[in-house]
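Undergrad: sequence unknown, structure follows:
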């Protein structure tokens, strides 16, 4: 499409040649003359030199020879442009002949159920939701509208989710929690998990992640939470609104995570602790006790970030101390 | 059911009004007048005030106004009560018409094979075992009685398991180990894994976990071992009886884990090491060398727990030392 | 087969009784009289005493009473012997009647598609490649020759891979990256991922691992890369030739990993960093900034290995310093 048409569709202002034909989008380094790119903010301006893109999304005031679409938040506007330039085909509505749907299942208008997927008895799926090939939906679930359950993902019995939720491939929601009664001889006995999992609207859970159902009550993931791949969420966990969890993190059972929390990749959080609203954890942070104040935490025992960095320099500080002591000792001889 | 009927079914003694109608179970905080709850031990007694539960399971001697079922181990008795209050429907016996079963497969009485599951040639499945939708069972496997293989889980060829094993959704048992011959030019060549995996009775493996088959011989998980979600068990690992492994942990190839070991979440254990019986590891513990004595270990290089906590305070200890040295230096001026 | 026939098939020299019948292979400790075993190098020679194996693969010069096949690299020769002794049955060519194949799919000669697998429209699969039960292949993919896509694995749309690639069970290639536009109110919006994933020849990816597609451009895994189980590879990552990644590791988005890199198990690497060719990371290493020089790294903030070990001894060094300062303070009194 023409650049001026694209800018108009985005409701954004254009500077430069609106007649440029834009066929796709690419990064600053690889974009060609028929592609749109973007500069996130002023500090990346130097990356524009040599850029071959046909047009660029850039913040107001950034000078460039390229035709430019102005945006307060270039990354956001660029992401909207992607949706225009690459319209995604919706899977055809209807149930694939190789899929299996149990008794009493209610499917909203436009629901698509892919090859070899299955939906157990009594589940309701809201309109325009998509169940991809090989996905398993248990009995008695309630799935909202415009949800996407991707390939070979598993939604266990009685899980509910709001609208616009995305469950990526090979993710499971509603598996039994790790609840055992242990006896003195070391043996243990599994505890029945009669609870469920509730996902509110706009929750996204990554590939190969797992969210356990509650033993009693609900594991609750609130509106707007985004979870990356390979993440484990234990039974009875509560995660507050808009919290973001990066890949390979793990959250122990009954832990309460506040809202707007950011959990770095490969972090691990014990069971039965609380994270205050606004806590930010670096990657590989270990949390054994509650973090009651917002702030940035890091390290294997969740120190405040600067304290952790200072701690990691202990070796060098020790060497300096050793030298100073040696000097004192020498002078006394 | 009436509370006195429930107590009788549990073989437990009841104090208070046995006519209370109990319809379900819930936590101390959320239980209502028709629900049973429990107090784990004396230190939680204060949580009983304000509790709306119709009845409570509590240890002998704990005072309460609620009708109470007495138990030496309240959590255990409560878990038995859950099984009475929430009888789990068994999937219908038989092979779902959309499932596929290969030649020479032997199915015991009462075996249930769900939608779009598959069982390859020559496998035997013991009576009353359940294979859920989309699960894959390889060729030449032996599955015991009363096992549950959950949705989209994968059991590879020649895996054997005892009775009452549970394999959670999206878990794989018997994948090839990470065995490579590396050459001087950096390239490498995969080694055929002719070994297998053997699970003894009462083994449970969590969602999204993986247990690799042995290169030669067997990867062996002994009776009563419980493994949580997102756990990796390498090839030729041996795990002793009743060991418990929390989520996101990883165990390198050929490592021997003793019995009654507890491995905290997100811990990582190198290949070719040994963990003594009774070792307990905190979450996020890193093990590079064998732990030959039982005890509690923690930290990125598996120190004894108190040593690790002291180590993490090094920064503050350093500051104090710096101050003392400064004082000495000053006095000499 | 006779040992002399086996040696001849391997093109290796034999010492001792070539008439021994060899039916299988096993470890030094468990091999019986009809089994072959191996000694990796001279330092393991003592493990030969008491060994019951019918024959052994050993380096030149190592003395043994066993019939012996000599090899410069015994482990390599032994792995070749495994392939002779345990010929693997190829799955029958053709598409299983319960599988589903979309429009315009091109299948090379000898391709095998297993029970309940699915292949979406427009995908090409090269000759002799094997798609196992329940695997999902998206639309517009290009799969090379002699590839193995294992049970319930997922290859998303437009992924390409070279020849001889192996994708283990429950692994996903091409899931959306974790790309969000975050707004000031804490909410966020998913970014369309229009990029793809390209695997070159001889790439192997382990069970329950996930490789995200690029937002723009490609996530690229080069020739000969071997990835273990439970590994997360973020969007737009590039991994250089012959790099080896052990289990439970995670790599953040847009990170560039060099060639011949070895990443230890459970390591975590931030997004947007670079690892030089030849970097070697111990297990559980945390990388927050680029590692620009080859060498061995370890610890939660990726120190050079010796520096990390010294760091972990800080506690003991501190104690010694405390004692020395105390002595100085005492003497001044």
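TA: Sure, I can see it. Treat the numbers as computed from the prediction; the structure is a model and nothing was measured.
Undergrad: mind telling me what element residue A:189 is part of?
TA: Using DSSP states H and E, residue A:189 maps to strand A:188-190.
Undergrad: next SSE downstream of that strand?
TA: strand A:196-199.
Undergrad: quick one: name whatever helix or strand follows that next one.
TA: Assigned by DSSP H and E, the successor of strand A:196-199 is strand A:204-205.
Undergrad: longest helix in chain A, please.
TA: helix A:314-332 (DSSP state H).
Undergrad: and chain C, is that helix touching that?
TA: Yes. Helix A:314-332 is in contact with chain C by CB under 8 Å from any CB of the partner chain, via A:314, A:315, A:318, A:321, A:322, A:325, A:328, A:329, A:332. C-beta coordinates here come from the backbone N, C-alpha and C atoms, glycine included.
Undergrad: assumed residue A:37 was part of a strand.
TA: Yes. If the criterion is DSSP: H, G, I helix; E, B strand; the rest coil, then residue A:37 is within a strand.
Undergrad: per-residue pLDDT of it, please?
TA: On pLDDT, residue A:37 comes in at 97.
Undergrad: so who does it touch?
TA: A:25, A:26, A:27, A:28, A:31, A:51, A:53, A:55, A:56, A:57, A:78 (CB atoms under 8 Å, 6 or more residues apart in numbering or on different chains).
Undergrad: of those, which belong to strands?
TA: Within the contacts of residue A:37, residues falling in strands by DSSP state E are A:25, A:55, A:56, A:57.
Undergrad: make JSON lines from those and add distance to chain B and neighbour count to it.
TA: Listed next are these as JSON lines, based on distance: CB to the nearest CB, whole Å; neighbours: other CB atoms under 10 Å in any protein chain shown:
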{"residue": "A:25", "distance to chain B": "34", "neighbour count": "24"}
{"residue": "A:55", "distance to chain B": "42", "neighbour count": "29"}
{"residue": "A:56", "distance to chain B": "40", "neighbour count": "24"}
{"residue": "A:57", "distance to chain B": "38", "neighbour count": "29"}
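Undergrad: using a markdown table, lay out those residues together with pLDDT and distance to residue C:212.
TA: Formatted as a markdown table, these follow (pLDDT from 0 to 100; distance: CB to CB, whole Å):
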| residue | pLDDT | distance to residue C:212 |
| --- | --- | --- |
| A:25 | 97 | 18 |
| A:55 | 97 | 27 |
| A:56 | 96 | 26 |
| A:57 | 97 | 23 |
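Undergrad: about what we covered before: what is the mean pLDDT for the strand holding residue A:189?
TA: Mean predicted lDDT for strand A:188-190 stands at 94.
Undergrad: can you list the strands that that strand pairs with?
TA: strand A:180-182 (antiparallel) (DSSP bridges).
Undergrad: rewinding a little: just give me the closest of the contacts of residue A:37 to residue C:36.
TA: The nearest member of those to residue C:36, counting by CB to CB, is residue A:27 at 53.0 Å.
Undergrad: contacting residues for residue A:106?
TA: Per CB under 8 Å, 6+ apart, neighbours of residue A:106: A:123, A:124, A:125.
Undergrad: flag every residue of the stretch 1-150 of chain A that's near chain C.
TA: Residues of the stretch 1-150 of chain A lying near chain C (CB under 8 Å from any CB): A:24-27, A:30, A:73, A:75-76, A:79, A:82-83, A:86, A:88, A:96, A:98, A:114-116, A:132-134, A:150.
Undergrad: buried ones only from those residues, please, as a ChimeraX command.
TA: Buried residues within the residues of the stretch 1-150 of chain A next to chain C, by 16 or more other CB atoms under 10 Å in any protein chain shown, are selected in ChimeraX with:
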select /A:25,26,27,73,75,76,79,82,96,98,114,115,116,132,133,134,150
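Undergrad: show only the entries of the residues of the stretch 1-150 of chain A next to chain C found in helices.
TA: By the criterion of DSSP H, membership of these in helices covers A:75, A:76, A:79, A:82, A:83.
Undergrad: could these go into JSON lines alongside pLDDT?
TA: Below are these laid out as JSON lines (pLDDT from 0 to 100):
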{"residue": "A:75", "pLDDT": "95"}
{"residue": "A:76", "pLDDT": "96"}
{"residue": "A:79", "pLDDT": "97"}
{"residue": "A:82", "pLDDT": "97"}
{"residue": "A:83", "pLDDT": "96"}
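Undergrad: which of these lies closest to residue A:296?
TA: Nearest to residue A:296 among these, counting by CB to CB, is residue A:75 at 22.3 Å.
Undergrad: from residue A:112, how far off is that closest one?
TA: 30 Å (CB to CB, to the nearest Å).
Undergrad: cool, and residue A:253?
TA: 35 Å.
Undergrad: walk me through the domains of chain A.
TA: What automatic domain parsing lists as the domains of chain A is A:3-85, A:95-308.
Undergrad: gap between the two ends of the longest one?
TA: Right, the one you point to is domain A:95-308. The first residue of domain A:95-308 is 54 Å away from its last residue (CA to CA, to the nearest Å).
Undergrad: ok now it, how far from the chain's centre?
TA: Taking CA atoms, centre = their mean, to the nearest Å, one finds the center of domain A:95-308 at 11 Å from the center of the full chain.
Undergrad: likewise stretch A:310-330?
TA: With CA atoms, centre = their mean as the basis, stretch A:310-330 stands 43 Å off its chain's centre.
Undergrad: kindly report the same for stretch A:8-17.
TA: 31 Å.
Undergrad: now what about it, what contacts it?
TA: By CB under 8 Å, 6+ apart, stretch A:8-17 touches A:3-4, A:7, A:55, A:57, A:66-71, A:77, A:80-81, A:84.
Undergrad: recalculate using a threshold of 7 Å.
TA: A:3-4, A:7, A:66-71, A:77, A:80-81, A:84 (CB atoms under 7 Å, 6 or more residues apart in numbering or on different chains).
Undergrad: rewinding a little: filter the residues of helix A:314-332 next to chain C to the buried ones?
TA: Buried among the residues of helix A:314-332 next to chain C by 16+ other CB under 10 Å: A:314, A:315, A:318, A:321, A:325.
Undergrad: can you give me the distance of the closest residue to residue A:19 other than its chain neighbours to residue B:259?
TA: Excluding its sequence neighbours, the residue lying closest to residue A:19 (CB to CB, 6 or more residues apart in numbering or on different chains) is residue A:2, at 6.0 Å. Relative to residue B:259, residue A:2 is positioned 72 Å away (CB to CB).
Undergrad: quick one, which of these two is more surrounded?
TA: residue B:259 (18 against 13; other CB atoms under 10 Å in any protein chain shown).
Undergrad: now the more buried one. Nearest residue, chain neighbours left out?
TA: Here the residue nearest residue B:259, using CB to CB, 6+ apart, is residue B:240, at 3.2 Å.
Undergrad: before we move on, what about residue A:61?
TA: In this structure, residue A:61 finds its nearest non-sequential neighbour in residue A:42, 7.9 Å apart by CB to CB, 6+ apart.
Undergrad: my guess is that neighbour meets residue A:64, correct?
TA: No. The criterion here is CB atoms under 7 Å, and residue A:42 misses it with residue A:64 at 11.7 Å.
Undergrad: so the two - more neighbours on which side?
TA: residue A:64 (17 against 10).
Undergrad: who's in contact with the nearest residue to that one once chain neighbours are set aside?
TA: Nearest non-adjacent residue to residue A:64, counting by CB to CB, 6+ apart: residue A:48, 5.5 Å away. Residue A:48 sits next to A:28, A:39, A:56, A:64 when contact means CB under 7 Å, 6+ apart.
Undergrad: and of the residues you listed, the nearest to chain C?
TA: When these are compared for distance to chain C (CB to the nearest CB), residue A:28 wins out at 9.6 Å.
Undergrad: re the thing from before, tell me the contacts of the residue nearest to residue A:19?
TA: Contacts of residue A:2 (CB under 7 Å, 6+ apart): A:18, A:19, A:21.
Undergrad: from those residues, which land in strands?
TA: Short answer: the contacts of residue A:2 have none in strands (DSSP E).
Undergrad: what subset of those residues is buried?
TA: residue A:18.
Undergrad: in a markdown table: the contacts of residue A:2, plus pLDDT.
TA: Below are the contacts of residue A:2 laid out as a markdown table (pLDDT from 0 to 100):
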| residue | pLDDT |
| --- | --- |
| A:18 | 95 |
| A:19 | 96 |
| A:21 | 97 |
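Undergrad: thank you kindly, that will do.
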